[in-house]
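Enquirer: Give the three-dimensional model of this entry:
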Amino acid sequence: MATIDIVREVLVDNLDLDANAITEDATLDALGVDSLDMVELICDIEEKCDVDFGEPEGLATIGDIVAHIDSLK
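Expert: Below you'll find the model as predicted:
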């Protein structure tokens, strides 16, 4: 499964977001993802992708998250 699909699945499951709205260009702010949501998202991504997400700075879009995860693999 592609990283974007994993991120999309986690966001849909956790926040009940519209899967079609979750594109690489979508900003976390526009999707309504707050800091608490981000913590939950990171925990689920770490589990599904078997990575240690760390505490990266400057993640503003879904594409930023995908690129960060892909850099850890």
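Enquirer: Pull out the buried residues from the helix or strand bottoming out on mean pLDDT in the chain.
Expert: Across the helices and strands of the chain, mean confidence by mean pLDDT, DSSP states H and E is lowest for helix 35-49: a mean of 93. Using 16 or more other CB atoms under 10 Å as the burial criterion, the residues of helix 35-49 that qualify are 37, 41-42, 44-45, 49. Just so you know, the C-beta spots here come from the backbone N, C-alpha and C atoms, and that holds for glycine as well.
Enquirer: for those residues, which one is nearest E57?
Expert: Closest approach to E57 among the buried residues of helix 35-49 (CB to CB): I42, at 13.4 Å.
Enquirer: who touches that closest one in this structure?
Expert: F53 (CB atoms under 8 Å, 6 or more residues apart in numbering).
Enquirer: Adding distance to N20, write the buried residues of helix 35-49 out as JSON lines.
Expert: Below are the buried residues of helix 35-49 laid out as JSON lines (distance: CB to CB, whole Å):
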{"residue": "D37", "distance to N20": "19"}
{"residue": "L41", "distance to N20": "18"}
{"residue": "I42", "distance to N20": "23"}
{"residue": "D44", "distance to N20": "20"}
{"residue": "I45", "distance to N20": "20"}
{"residue": "C49", "distance to N20": "22"}
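Enquirer: out of these, which one sits closest to T23?
Expert: L41 (16.0 Å).
Enquirer: so the residue nearest to the closest one when sequence neighbours are not counted, which of the three states?
Expert: The shortest distance from L41 to any residue other than its chain neighbours is 5.8 Å, reached at V10 (CB to CB, 6 or more residues apart in numbering). When classified by DSSP: H, G, I helix; E, B strand; the rest coil, V10 comes out as helix.
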